Structure formats: C-alpha cells, structure tokens
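**Student:** quick one: sequence and predicted model below, then my questions.
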Amino acid sequence: MLYAGIILLLVFVVPIFVKKVFHLGSVLGIVIALSLIFSSYSRIILYALFNSPVQSFIKIMLVLLIALFIIETYMMIIYALKKSGNDGLLIVLGCKKGSDTLNNRIKKAYAYLADHPQSLAIVSGGVDSHDNVSEAEYMKEQLVKMGIDEDRIYEETRSEDTKENIRYSLELIDKHQLVGPFILVTSGFHIYRARLIALREGMVVSSLASRTPLLLLPGYYLRELLALSAHMIFK
C-alpha cells in the first residue's frame with residue numbers, strides 16, 4: 001500500500017509543478033494517494049464507518065458510487081472513440097489559453113477543417129481573469145496562423161463553462177443561420193458530458209476527441225468523474 005500510494009501521489013503531484021495544472025481532480029487524487037500511504041489510519045476510519053449505526057447505508061452508497069463510476073468510465077471511453085460524420089459545423093470548446101489541452105483541441109479542429117474545406121467552425125470560450133483576450137479569440141488566431149480562412153470561423157466569447165459553450169453557440173447558429181450537422185471538438189475525457197449537455201440544450205451532435213497529455217489524464221479523469229456524477233445526480 002505504501003509504495004502504491006507514493007507512486008499515485010507522484011502521478012497527481014508532478015503535473016502541478018511540471019504543467020502548472022491544479023484542480024479538483026488533483027485534490028481527489030492526492031487524497032486517495034495519502035489514504036494509501038497512511039493505510040493503517042485509513043483502515044481504522046473505514047472500520048469505524050462500517051461498524052457505525054448507519055453502516056448499511058454507507059455500504060449501499062459506496063457500492064452505488066463505485067457502480068456509477070464504472071458506468072461513467074465506460075461511457076466516457078465509448079463516446080471518446082466514436083467517429084463523427086462527414087462535413088459539419090465544428091463547435092470547438094475552450095479551456096485555459098495556451099494549455100496543452102486547448103492546443104490539442106485546436107490541432108484537432110485544424111486537421112478536420114483542412115480535410116473538409118467546406119466546413120465552418122465556432123470557437124467557444126470567454127475571457128479568463130488574467131487578460132482581456134477570450135479563449136475563442138485565441139483559438140481563432142491559432143487556426144488562422146495554421147492556414148484556416150478567418151471567414152470560416154465564428155467566435156463565441158461569453159461562455160464560462162460547457163453549458164454556456166453550447167447555449168451561446170446555439171444563439172450564434174441562429175443569428176448567422178448556420179446549418180448542421182454539428183460536431184463538438186473537445187478532449188476525449190470530456191466528450192460524453194459535453195454531448196449530454198448539448199442534448200439537454202436541444203442540440204443533437206457528433207464529436208471529435210482531441211488527445212489529452214498522458215501526464216494530465218489521471219487528474220482530468222477524476223475531475224470529470226466528479227463533474228459527470230454531479231450532472232447526472234443534480235441535473
């Protein structure tokens with residue numbers, strides 16, 4: 001348990017210092033790793049929980065949570081592997097500007113637009129707290145530098161999360177009378193939840209999954225599990 005915990009701790013701590021990436025998935029991963037490192041104390045806590053007056057409830061909830069995570073993982077993998085159709089309107093979902101994650105989404109969008117010269121794209125993402133350049137503006141700038149005609153790219157610059165990405169992109173589609181089929185471009189781990197949100201907003205989409213750096217995948221995976229669970233339970 002000790003060595004497994006140390007290895008797992010490195011998996012979640014290294015990206016914080018190497019890639020400057022820290023989020024809820026990182027926190028959860030570190031907590032899991034520390035619980036393995038200090039497994040003797042963890043066992044005492046678990047023993048106390050499972051022998052408490054509400055032990056049956058705790059056991060049932062734990063089993064249900066594990067089952068939910070397994071189902072979510074399966075769906076995340078299946079949807080990440082699905083291929084999109086032919087010509088369509090891309091909706092590229094933003095994230096932190098300059099990050100490997102966003103740059104990989106841009107590369108995925110570029111490859112598609114280069115292979116489908118009749119297709120258009122919406123780049124979707126608002127302004128963060130550090131500067132006045134939106135994620136959408138950054139994505140368009142990079143795509144134009146790669147050789148995509150700027151007239152093929154529409155900017156949605158207000159959104160702050162996936163739901164707003166979809167909602168405000170739909171407004172842009174209506175405003176400019178753009179037509180589908182619609183194709184979401186986002187990271188593989190994010191595809192399933194993004195498509196669920198799109199469906200809830202009344203948009204039927206296919207998707208293109210961009211690559212996630214292996215170093216960042218464990219943390220993003222845990223964060224997405226939490227976000228997906230919250231989406232399914234509370235929304």
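**Tutor:** Looks like it arrived, so ask away. Residues are numbered from 1 along each chain as shown.

**Student:** so who does Ile78 touch?
**Tutor:** By Cβ atoms under 8 Å, 6 or more residues apart in numbering, the contact set of Ile78 is Tyr192. Just so you know, the C-beta spots here come from the backbone N, C-alpha and C atoms, and that holds for glycine as well.

**Student:** how confident was the prediction at it?
**Tutor:** With respect to pLDDT, Ile78 has a value of 94.

**Student:** and the residue nearest the centre of this structure?
**Tutor:** Geometric centre of the chain, nearest residue: His190, 3.2 Å, by Cα atoms, centre = their mean.

**Student:** check which helix or strand the closest residue to that residue other than its chain neighbours maps to.
**Tutor:** Once flanking residues are discounted, His190 sits nearest to Glu224: 6.3 Å by Cβ to Cβ, 6 or more residues apart in numbering. Per DSSP states H and E, Glu224 falls inside helix 217-234.

**Student:** that older thread, give me the distance between the residue nearest to the centre of the chain and Ser56.
**Tutor:** Distance of His190 to Ser56, computed by Cβ to Cβ, to the nearest Å: 36 Å.

**Student:** got it, and Lys107?
**Tutor:** To Ser56, Lys107 is 50 Å away according to Cβ to Cβ.

**Student:** neighbour count winner among those two?
**Tutor:** Between Lys107 and Ser56, Lys107 has the larger neighbour count (other Cβ atoms under 10 Å), namely 16 against 10.

**Student:** show me which residues of the host helix or strand of Val27 are buried.
**Tutor:** Following DSSP H and E, one finds Val27 within helix 24-37. Within helix 24-37, the residues scored as buried using 16 or more other Cβ atoms under 10 Å are Gly25, Ser26, Leu28, Gly29, Ile30, Ile32, Ala33, Ser35, Leu36, Ile37.

**Student:** and if you look at stretch 147-158?
**Tutor:** Ile148, Arg152, Ile153, Tyr154, Glu155, Glu156, Thr157, Arg158.

**Student:** how about the first one, secondary structure?
**Tutor:** Three-state secondary structure (criterion: DSSP: H, G, I helix; E, B strand; the rest coil) places Ile148 in coil.

**Student:** so what's it closest to, chain neighbours aside?
**Tutor:** Among residues not flanking Ile148 along the chain, Leu113 sits closest, at 5.2 Å (Cβ to Cβ, 6+ apart).

**Student:** what's the first helix or strand after the helix or strand in which that neighbour is found?
**Tutor:** Using DSSP H and E, Leu113 falls within helix 100-115. Going down the chain from helix 100-115, the next helix or strand is strand 121-124, by DSSP H and E.
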